[in-house]
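Visitor: just a sequence and a predicted model for now, questions to come.
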Amino acid sequence: MTKFIFITGGVVSGLGKGITSASLAYLLKSHGYNIAMQKFDPYLNVDPGTMSPYQHGEVYVTDDGTETDLDLGHYERFAGVRCDRHSNYTSGKIYSSVIAREREGAYLGATVQMIPHITDEIKQAIRSAAKPGIDIVMTEIGGTAGDIESLPFLEAVRQFKNEAGLGNAIVIHLTLVPYIKSVGEMKTKPSQQSVSILHNIGIFPDMLVCRTEMAMADEQRRKLSLFCNVPDEMVIEECDVQHSIYEVPQELADRGMDVKVLELLRLPLTESHLDDWHELLDRVLHPEKTCRIALVGKYAGLRDAYKSIFESFAHAGIALRTKVICDMVEAEELENDCSRLDSYDGVLVPGGFGARGIEGKVATLQYAREKGIPCLGICLGLQCMVIEYARHVLGYKDANSTEFDEKTSHPVIDLMPDQRGVSSKGGTMRLGAYPCRLVDGSRAAELYGEKDISERHRHRFEFNNDYRKQLISAGLQIGGTSPDDTLVEMVELPNHPFYVGCQFHPEFKSRPFSPHPLFVGLVQAALKHQEK
Ligand code: GLN
């Protein structure tokens, strides 16, 4: 029988609920349990695909092409679970399916209401993750206790827990215990109040996880236990880690969180194996080399916008025992002068939408190409590589993507014919996993060590095949295409230390224990570049 864990958050957002959930999932997995993870987001967008990274950070894409919250990236990376369309539900997704069903007449005669129709839909979404073979479903509820938006989700959790029966579903509340400098004390009041909000709606958390800056005294633990109605031993402290998020699973294991959760769920306490993680942590904490990469994008200042890219560099760094320092550089600032890039060992031009920053990216790519700086272009990055090559090598001065200039005389990047004239902006992209065949003898094939790969996509525009011949004869090589050869998936330059572009997003598939070959390749080339 599948067991259920719900994770709620209190006091403030940004406590690292995603990392905590993913770390717990990793620990439970290391005990031999099969885990599924999901996230509920209380906003009304049907998915985060239409939201600016400023609102929501990166949009993470799963194999099945669902555009999801970036926490799902943590789930896949830390816990090694596979996420899909059942892994992320927003209020928008829940409401729209209920409303669509109402229009179909499925509730004929009934008044369609928050309770039971919306809450039933949410409970159904929870059950959808409990596929055969899954021992534990973990569901993270986005937002903070007390938000109006998250009420229907919490009400559904209350009902679900009650129906599941004792020991089959638990609620873990992640909360903040702040240290107030002026009085030199840690304060439990905010946590007491957020738990009392949950009590008011009928949810009695089974465990509190307290985010703290420093070790909590017994007195605070006692207070929390007393006022929050949680046994003393179920008050877990999660202190800020010193160096890296990879320390979190160990921190939680040291507090016995995994063991206590298994106890609460009445599951056998199997042995856990964390040796691999210890080895990984050792590599993170004791690198032997350092290299510096410039990430030339347009959301400089917002690291969450490129979350999976930073993580992918960390994975490559783990494999190569290298500390990869990845700085964000605002593309617009490089439009007229790229000399700042001289202080870097490598460059990454990430994906993106809209015209802002394009000229800076094109200038960056020209600089990296001509100066032999190792460079990886992802999605829009590949598209800019093609634009740059067409402009400066083929001499097509106004070459562009029709995304930025519909009237360009050389649309080297364009919509696929069946997409032209489509005005809808939601759900019209090429999304999710597609196969790619690598070209024999290419740098790409050498890096991957195999010919047929599958990578995740999120884009509307494509390499325009009308220009394939010209670009190839000017020296740009195709590294990979769709198996039927109709879509260019990778480009590269043969006489460059590392100049590779991919139309897909490799960062979504990199894992701590299996770093992505393109990131490993870039970091390796960057280390070589450093020696020069
Ligand atoms: N804006 C480009 C497109 O839609 C690239 C998208 C991306 O980089 N993810 O094709």
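Guide: Thanks, I have the structure now.
Visitor: the bottom helix or strand of the chain by mean pLDDT?
Guide: helix 53-56 (a mean of 80; mean pLDDT, DSSP states H and E).
Visitor: return the list of helices and strands in contact with that one.
Guide: Helix 53-56 is packed against no helix or strand, with contacts defined by 3 or more Cβ pairs under 8 Å, 6 or more residues apart in numbering; DSSP states H and E. For glycine as for every other residue, the C-beta is placed from the backbone atoms N, C-alpha and C.
Visitor: could you list the alpha-carbon positions for that helix in PDB?
Guide: Once non-C-alpha atoms are left out, helix 53-56 reads as follows in PDB (Å, rounded to 0.1, in the frame of the first residue of the first chain):
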ATOM      1  CA  PRO A  53      11.700  33.900 -15.000                       C
ATOM      2  CA  TYR A  54      11.500  37.100 -12.900                       C
ATOM      3  CA  GLN A  55       8.200  35.700 -11.400                       C
ATOM      4  CA  HIS A  56       9.100  32.200 -11.000                       C
END
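Visitor: burial count for whichever residue of the stretch 201-350 of the chain sits closest to the ligand?
Guide: Of all residues in the stretch 201-350 of the chain, the one sitting closest to the ligand is residue 350 (7.3 Å; Cβ to the nearest ligand atom). Here the number of neighbours of residue 350 (other Cβ atoms under 10 Å) works out to 25.
Visitor: for it, which residues are in contact?
Guide: 295-297, 306, 309, 378-381 (Cβ atoms under 8 Å, 6 or more residues apart in numbering).
Visitor: can you list the buried residues in stretch 320-328?
Guide: Neighbour-count burial for stretch 320-328, with 16 or more other Cβ atoms under 10 Å as criterion, is recorded at 320, 322-324, 326, 328.
Visitor: same check, this time on stretch 295-313
Guide: For stretch 295-313, using 16+ other Cβ under 10 Å, the buried residues are 295-300, 302, 305-313.
Visitor: so for that stretch, mean pLDDT?
Guide: Mean pLDDT, stretch 295-313: 90.
Visitor: just checking the distance from that stretch to the centre of its chain.
Guide: 11 Å (Cα atoms, centre = their mean, to the nearest Å).
Visitor: same check on stretch 394-401?
Guide: Using Cα atoms, centre = their mean, the offset of stretch 394-401 from its chain centre is 34 Å.
Visitor: now do the buried residues in it.
Guide: Neighbour-count burial for stretch 394-401 [16+ other Cβ under 10 Å]: 394, 396, 399-401.
Visitor: quick one: furthest residue from the center of the chain?
Guide: Distance from the centre of the chain peaks at residue 109, with 42.6 Å (Cα atoms, centre = their mean).
Visitor: show the contacting residues for the residue of the chain found nearest the ligand.
Guide: Of all residues in the chain, residue 351 sits closest to the ligand, at 2.7 Å by Cβ to the nearest ligand atom. When contacts are counted by Cβ under 8 Å, 6+ apart, residue 351 touches 378-381, 458-459, 505.
Visitor: skip the chain neighbours and tell me the closest residue to residue 317.
Guide: Using Cβ to Cβ, 6 or more residues apart in numbering and skipping the chain neighbours, the partner closest in space to residue 317 is residue 324 (4.3 Å).
Visitor: no wait, residue 389
Guide: residue 476 (5.0 Å).
Visitor: mind listing what's buried in stretch 26-38?
Guide: Result for stretch 26-38 [16+ other Cβ under 10 Å]: buried residues 26-31, 33, 35-38.
Visitor: what does stretch 207-225 give?
Guide: Buried residues in stretch 207-225, counted by 16+ other Cβ under 10 Å: 207-212, 216, 220-221, 223-225.
Visitor: would you turn the residues you listed into TSV with secondary structure, pLDDT and distance to residue 281?
Guide: TSV is the format used below for the buried residues of stretch 207-225 (DSSP: H, G, I helix; E, B strand; the rest coil; pLDDT from 0 to 100; distance: Cβ to Cβ, whole Å):
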residue	secondary structure	pLDDT	distance to residue 281
207	strand	97	24
208	strand	97	26
209	strand	96	20
210	strand	96	23
211	strand	94	20
212	strand	94	21
216	coil	90	23
220	helix	91	28
221	helix	93	27
223	helix	94	33
224	helix	95	29
225	helix	96	31
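Visitor: my hunch is that the residue of the chain closest to the ligand is in a helix, does that hold up?
Guide: No - counting by DSSP: H, G, I helix; E, B strand; the rest coil, residue 351 falls outside a helix, being coil.
Visitor: next one: phi and psi at it?
Guide: In terms of degrees, to the nearest 10, the main-chain angles of residue 351 are phi -70, psi 170.
Visitor: one step back: of the contacts of residue 350, which are in range of the ligand?
Guide: With Cβ under 6 Å from any ligand atom as the criterion, those include 379-380 near the ligand.
Visitor: for the stretch 201-350 of the chain, what spans make up the helices?
Guide: Remark: helices assigned in the stretch 201-350 of the chain by DSSP state H, counting those that start in this stretch are 218-228, 248-254, 257-264, 275-285, 307-319.
Visitor: looking at the ones you listed, which is buried most?
Guide: Mean neighbour count (mean count of other Cβ atoms under 10 Å) peaks for helix 307-319 among the helices of the stretch 201-350 of the chain, with a mean of 24.
Visitor: how far away is the residue lying closest to residue 442 once chain neighbours are set aside from residue 401?
Guide: Once flanking residues are discounted, residue 442 sits nearest to residue 479: 4.3 Å by Cβ to Cβ, 6+ apart. Look at residue 479 and residue 401: by Cβ to Cβ, to the nearest Å, they are 20 Å apart.
Visitor: and what of residue 52?
Guide: 20 Å.
Visitor: what of residue 347?
Guide: 20 Å.
Visitor: likewise residue 493?
Guide: Computed with Cβ to Cβ, the distance linking residue 493 and residue 401 is 20 Å.
Visitor: residue 175 is in contact with residue 187, correct?
Guide: No - taking contacts as Cβ atoms under 8 Å, residue 187 lies outside contact range of residue 175: 11.4 Å.
Visitor: of those two, who's got more company?
Guide: residue 175 (29 against 15).
Visitor: work out for me the element that one sits within.
Guide: Element membership for residue 175 (DSSP states H and E) is strand 169-176.
Visitor: keeping just the C-alphas, turn that strand into PDB.
Guide: Extracted C-alpha coordinates of strand 169-176, given in PDB (Å, rounded to 0.1, in the frame of the first residue of the first chain):
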ATOM      1  CA  ALA A 169      -0.300   9.800   5.400                       C
ATOM      2  CA  ILE A 170       1.700  12.400   7.400                       C
ATOM      3  CA  VAL A 171       2.200  16.100   7.200                       C
ATOM      4  CA  ILE A 172       5.700  17.700   7.700                       C
ATOM      5  CA  HIS A 173       5.700  21.400   8.200                       C
ATOM      6  CA  LEU A 174       8.800  23.300   7.300                       C
ATOM      7  CA  THR A 175       9.100  26.500   9.200                       C
ATOM      8  CA  LEU A 176      11.500  29.300  10.100                       C
END
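Visitor: give me the sheet partners of that strand and which way each runs.
Guide: strand 3-9 (parallel), strand 207-212 (parallel) (DSSP bridges).
Visitor: give me the distance from the shortest one to the chain's centre.
Guide: Okay, so that is strand 207-212. With Cα atoms, centre = their mean, you get 24 Å for strand 207-212.
Visitor: orientation of it relative to helix 257-264 in degrees?
Guide: 160 degrees (axes from the mean of the first three to the mean of the last three Cα atoms, to 10 degrees).
Visitor: cool, the longest one as well?
Guide: Strand 3-9 runs at 130 degrees relative to helix 257-264, counting by the same axes, to 10 degrees.
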